[in-house]
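[1] Structure, please.
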Amino acid sequence: VERFMQSAEGRISVWALARQYSNIPLINPAHFQYQTWPGQEQKAILASLFSQEGEENYKRIVEALGNSYPSSSSPVGTGFSFREREAMIDDMVRTTGVKGAPAYQNFDLLIIGGGAAGVAMAWLASLLGFKVVLLEKGDFAQGTSSGSTKIIHRGGIKYLLVAWKFAFKGEFKQARENLKLVIATSKQSDIIQRLAPDLVQRILTNVVITKGGQFNRLEAFVGVWGYYLLSLLRGQIYPMPKFYFTSESIKRKFPYLDTCRVKGVFSIWDRQTDDARLVFGFAKAAYLKGVKIISYAEVTRIEEDEEEGFFEIEAKDVIGNNTFNLKARKVINATGPWIDKVRKELLGRNHSLLRLNSGIHLDVYPKIADTNFAFTASDGRLIFALKRKESDLEYTRIGTTDEERKSPDELLPTSREVKYLVEEVKRP
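    Presented below is the predicted three-dimensional model:
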């Protein structure tokens, strides 16, 4: 592994990421393709998002949106830069420093954490009319939200295959649970595609069925057609899937695959995005709706006043080294894998809510294939090898692993993880 990492052919950059899961739909309001609100299609989108909250919230959101919104051509940085950050910090510090006594700006909601979940909640809360402040101790999307595989699954082909596998075994309860997950992820990816078309691109993914792997060709064939029909039912028009089940067709189409280990390949369409830019779009849209959204601002103290029904918060400007105070009716801890650490340090709550797992990607320069692959690893995990391009640099992103961790601050990739991905990607 060390020789491979040091070789010119295998120059690798490794990012470790801590997984966090959220039910918040990944919407980027800064890149809406619509110039006016609300049209019929936009109403349908909003209704599907907030149906559980009822018609009242839907009306409030539509009213809050008004008649215009940033167009897809509007650059994310416009009107949301370090100058606006400094102005927000100055305003908070100026309010705090009245005659040396603590003074507080009052908010309905404080959100700690500037990842995908935090900024999405800040935007949604602002549309509902709440006065919101979001504080992030580092940069926006600096953790999990910028370290993903960059795939937006149209419905999760893996889970659909698993659903069919359970169904063939007669285990219908497990099949139904996996199918529900497929439908939920498909719905969310539809929303992203409609609202952020300039951040979502179609990609063709070739899923490799290995001999001795988790799925056989019949399960794959039925699962893929089910996946395709589900896409059609949701209005997603894609070319039909293609199947390569003979050694001759596999060798002709994918000459770099080992036909002694591969018993089939099927090609399906999926979606990819720029996850960090998606988060910055959220942040800008929240700021434009009046949210004080501040990076490099660390919360250092939280005290709850149960009688008055609010929290007193002290925060520090990491760059300018100033402190400021604020009050909030509610506090949302959206720090992802740092949730337990924040609860312990700021609230004194020692019981853990999370079991931390992390994964790594290997970015291999130059690219090792001209197309995108997904294949089942020896332990049953689905591994992606995706062609990526940033500016003029083309590379292959391989991932991901799954390792239990004790702390989110200890995310250096291990030699075992690197060796695992290198060996697995060599198998097919």
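
[2] Neighbours of Q272, how many?
    Burial measure for Q272: 20 neighbouring residues, criterion other C-beta atoms under 10 Å. All C-beta atoms are positioned from the backbone trio N, CA, C, and that covers glycine.

[3] Pretty sure K327 sits in a strand.
    Yes. K327 sits within a strand when classified using DSSP: H, G, I helix; E, B strand; the rest coil.

[4] from memory it sits against E314, does it?
    No. In this structure K327 lies outside contact range of E314 using C-beta atoms under 8 Å: 10.8 Å.

[5] W269 versus K367, what's the distance?
    Distance, K367 to W269, using C-beta to C-beta, to the nearest Å: 20 Å.

[6] A184 too?
    19 Å.

[7] neighbour count winner among those two?
    More crowded of A184 and W269, by other C-beta under 10 Å: W269, with 18 against 15.

[8] Check the secondary structure at the most centrally placed residue in the chain for me.
    Nearest to the mean C-alpha position of the chain, counting by C-alpha atoms, centre = their mean, stands S145 at 5.3 Å. Put simply, S145 is helix when judged by three-state DSSP.

[9] Check V418 too.
    helix.

[10] Could you report the neighbour count for it?
    V418 has 19 neighbours, counted by other C-beta under 10 Å.

[11] Hmm, it is touching L362, no?
    Yes. The pair V418 / L362 is scored as a contact, 6.8 Å apart, by C-beta under 8 Å.

[12] Look at R349 and tell me its secondary structure.
    coil.

[13] which residue sits closest to it, ignoring its sequence neighbours?
    Residue nearest to R349 in three dimensions, not counting chain neighbours: R343, with 4.4 Å by C-beta to C-beta, 6 or more residues apart in numbering.

[14] and the one you found, what is it in contact with?
    333, 349, 353 (C-beta atoms under 8 Å, 6 or more residues apart in numbering).

[15] Per-residue pLDDT of it, please?
    R343 is assigned 92 on the pLDDT scale.

[16] Any figure for the gap between it and N325?
    As for R343, its distance to N325 is 21 Å (criterion: C-beta to C-beta).

[17] ok but F80 is inside a helix, no?
    No. Read with three-state DSSP, F80 is coil and lies in no helix.

[18] what's the spacing between H153 and I313?
    37 Å.

[19] who has more neighbours, those two?
    Higher neighbour count among H153 and I313: I313, with 24 against 17, using other C-beta under 10 Å.

[20] Give me the helices and strands touching the strand or helix carrying T185, please.
    Element membership of T185, judged by DSSP states H and E, is helix 172-195. For helix 172-195, the packing partners by 3 or more C-beta pairs under 8 Å, 6 or more residues apart in numbering; DSSP states H and E come out as helix 40-49, strand 151-152, helix 157-169, helix 217-233, strand 262-273.

[21] so it versus helix 217-233, what angle?
    Interaxial angle of helix 172-195 relative to helix 217-233 (axes from the mean of the first three to the mean of the last three C-alpha atoms, to 10 degrees): 40 degrees.

[22] Centre of the chain to helix 172-195, how far?
    The chain centroid and the centroid of helix 172-195 are separated by 15 Å, computed with C-alpha atoms, centre = their mean, to the nearest Å.

[23] How about stretch 127-143?
    Using C-alpha atoms, centre = their mean, the offset of stretch 127-143 from its chain centre is 16 Å.

[24] Looks like S126 contacts V132 (just checking).
    Yes. Shown here, S126 and V132 form a contact pair, counting by C-beta under 8 Å, at 5.4 Å.

[25] Can you check which residues contact both of these two?
    Residues within reach of S126 and of V132 at once, by C-beta under 8 Å, 6+ apart, are 286, 290-291.

[26] so where's the chain uncertain?
    By pLDDT under 70, the low-scoring segments of the chain are 1-79, 95-103, 154-155, 195.

[27] Do a quick rundown of the helices in it.
    2-6, 40-49, 55-65, 82-96, 116-127, 157-169, 172-195, 217-233, 247-253, 275-288, 339-347, 415-426 (DSSP state H).

[28] Could you export those as TSV, including distance to R202?
    Below are these laid out as TSV (distance: least, C-beta to C-beta, whole Å):
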stretch	distance to R202
helix 2-6	32
helix 40-49	20
helix 55-65	28
helix 82-96	35
helix 116-127	22
helix 157-169	15
helix 172-195	9
helix 217-233	12
helix 247-253	19
helix 275-288	17
helix 339-347	34
helix 415-426	24
